[in-house]
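sequence first, then the predicted structure, then my questions.
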Amino acid sequence: MLLPYLRAGLDVDGCDVSADMIAVCREKATREGLSPNLYVQPMHELDLPRTYRTIFVCGAFGLGSNRDQDLQALQRFHEYLEPGGTLLLDSEVPTRIRSSGGTG
């Protein structure tokens, strides 16, 4: 997701808990002549050098973490948002499959 934003000229950084994912992103960016700031960190331990007008968490919030770590991550996001900034995150609500046991 980071590369299209960089191509569009946006000032963006990237973060992932997976060093492998960061390496893939860095390699693709390098091939395009881009050099993003990329960080290998879990969300609940964010330690970044600057603040952001927008933080976009795509498809990762709550994965592989517990409730306390999710709360810590939300607190870290707030810490790294500029005043009036926006946190964008997607979430998937688990669906519940009900067994009707009948025709109705």
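It's in.

quick check: end-to-end length of stretch 40-47?
Taking Cα to Cα, to the nearest Å, stretch 40-47 runs 10 Å from one end to the other.

ok, and for it, which residues are buried?
By neighbour count on 16 or more other Cβ atoms under 10 Å, the buried set for stretch 40-47 is Pro42, Met43, His44, Leu46. (C-beta placed from N, C-alpha, C; glycine too.)

can you give me the end-to-end distance of stretch 54-66?
24 Å.

what about the helices in the chain?
2-7, 19-31, 67-80 (DSSP state H).

list the helices and strands the longest one packs on?
Translated: helix 67-80. strand 52-57 (3 or more Cβ pairs under 8 Å, 6 or more residues apart in numbering; DSSP states H and E).

what's next to the strand it packs on, contact-wise?
1, 13, 43, 77, 80-82, 85-90 (Cβ atoms under 8 Å, 6 or more residues apart in numbering).

the longest strand along the chain to strand 52-57, inter-axis angle?
Longest strand of the chain, by residue count under DSSP state E: strand 81-89. Here strand 81-89 runs at an angle of 20 degrees relative to strand 52-57 (axes from the mean of the first three to the mean of the last three Cα atoms, to 10 degrees).
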